[in-house]
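*Asks:* got a structure for you, letters missing:
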């Protein structure tokens, strides 16, 4: 899963005012109404009520603003991968809501399978799973959840917003599926 998105903004999308270091920022990943593009919108938490995205919000999270270092526009920051999305959402300073928590849980499973995260057990209270990032050796706590069919259907809906809905496949003969015949 790779998306090209802009890095976090230096100014509030709603007010146009620059963010201050440590200020709480609400970030949104939104697929536009035409479905052709995913955009990141950063909004001052105090201005969140004034933000009305034109499209479907795939996920949102709250984090403290950290200014970029001068000249830091690396290509790596501009490419959103499953790994970078996980690292952003799982950052201890990020506050997750239900949809973002579900996405973090799924990304952790996916990155564990790719061996980018290593499971390290449960948290002391048993409410989360601990993972070590293979590249940085940093530990991440991911809330434990039930991996039910409903969980995967909800994640599929979120991911379809981010990467697009899967294209319908014609049957083996290349024709559209036939209508069922009533008995």
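*Replies:* That came through fine. Source: prediction; values computed, not measured.
*Asks:* mind listing what the nearest residue to residue 90 once chain neighbours are set aside touches?
*Replies:* Spatial nearest neighbour of residue 90, chain neighbours left out: residue 140 (4.4 Å); criterion: CB to CB, 6 or more residues apart in numbering. C-beta here means a position set from N, CA and C on the backbone, and glycine is covered the same way. Residue 140 makes contact with 86, 90, 108, 117, 130, 131, 132, 133, according to CB atoms under 8 Å, 6 or more residues apart in numbering.
*Asks:* What segments of the protein are strands?
*Replies:* 2-4, 24-32, 38-44, 55-64, 79-81, 95-96, 117-122, 128-133, 139-143 (DSSP state E).
*Asks:* Could you point out which of these sits nearest residue 15?
*Replies:* strand 38-44 (6.3 Å; CB to CB).
*Asks:* just how off-centre is that closest one within its chain?
*Replies:* 12 Å (CA atoms, centre = their mean, to the nearest Å).
*Asks:* Partner strands of that strand, with direction?
*Replies:* strand 24-32 (antiparallel) (DSSP bridges).
*Asks:* Show me how far the strand it pairs with is from its chain's centre.
*Replies:* Worked out by CA atoms, centre = their mean, strand 24-32 lies 10 Å from the chain centre.
*Asks:* that older thread, mean pLDDT and distance to residue 17 added to the strands of the chain, as JSON lines?
*Replies:* Converted to JSON lines, those look like this (pLDDT from 0 to 100; distance: least, CB to CB, whole Å):
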{"stretch": "strand 2-4", "mean pLDDT": "53", "distance to residue 17": "27"}
{"stretch": "strand 24-32", "mean pLDDT": "85", "distance to residue 17": "12"}
{"stretch": "strand 38-44", "mean pLDDT": "88", "distance to residue 17": "7"}
{"stretch": "strand 55-64", "mean pLDDT": "83", "distance to residue 17": "16"}
{"stretch": "strand 79-81", "mean pLDDT": "60", "distance to residue 17": "25"}
{"stretch": "strand 95-96", "mean pLDDT": "80", "distance to residue 17": "22"}
{"stretch": "strand 117-122", "mean pLDDT": "90", "distance to residue 17": "37"}
{"stretch": "strand 128-133", "mean pLDDT": "90", "distance to residue 17": "34"}
{"stretch": "strand 139-143", "mean pLDDT": "90", "distance to residue 17": "32"}
